[in-house]
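Visitor: okay, here's the prediction I keep looking at, along with the sequence it came from:
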Amino acid sequence: MSDIDLSEYYIQDKGDIHKVWAIQKLGYPLNRELIPNLFDWIRDMNWPVAWPAANYLAQLGEPCLREIRRILTTVQEPDWQHNCIYDVASKWPVPVLGQLKSILVDLRDNATDTQKSE
């Protein structure tokens, strides 16, 4: 563990773009505990902080697997799941994305008509 106080890095507002840059500059693995916070802010891709957060999560790849699995399997927010898949995971290398295959197949097979049309 690091001696860095990460409390100042947590995104608390949809306009906190500067915090995404700070998290990115801090670098992985020092910013590991901030990954769930970054995912929280891609719930709505219209928020200013969403695209920088999604782009950084897409760059991180494998360190995000635990959090994205949690969102895809336990959260009942189709828009957020969509953002996780299309704005983050779809940009990962195939071997990393492949680790989500069973979850993605399950989501596809159990999608509602509305979700299928999106």
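Guide: Now that the structure is in, tell me what you want to look at.
Visitor: for the residue nearest the centre of the chain, which non-adjacent residue is closest in space?
Guide: Among the residues of the chain, the one closest to the centroid is Phe39, at 3.7 Å (Cα atoms, centre = their mean). Once flanking residues are discounted, Phe39 sits nearest to Glu67: 5.2 Å by Cβ to Cβ, 6 or more residues apart in numbering. From N, CA and C alone the C-beta is placed, and that goes for glycine too.
Visitor: what does the pLDDT read for that neighbour?
Guide: Here the pLDDT value assigned to Glu67 is 98.
Visitor: re the thing from before, is it correct that the residue nearest to the centre of the chain is in contact with Arg69?
Guide: No: contact criterion Cβ atoms under 8 Å: Phe39 and Arg69 do not qualify, at 11.1 Å.
Visitor: for Thr74, see how far away Leu38 is.
Guide: Relative to Thr74, Leu38 is positioned 18 Å away (Cβ to Cβ, to the nearest Å).
Visitor: meant to ask about Trp21, not that
Guide: 30 Å.
Visitor: neighbour count: these two, which is higher?
Guide: Trp21 (12 against 7; other Cβ atoms under 10 Å).
Visitor: show the model's pLDDT score for that one.
Guide: 98.
Visitor: that one touches Val49, doesn't it?
Guide: No: if you go by Cβ under 8 Å, Trp21 and Val49 don't touch, sitting 10.4 Å apart.
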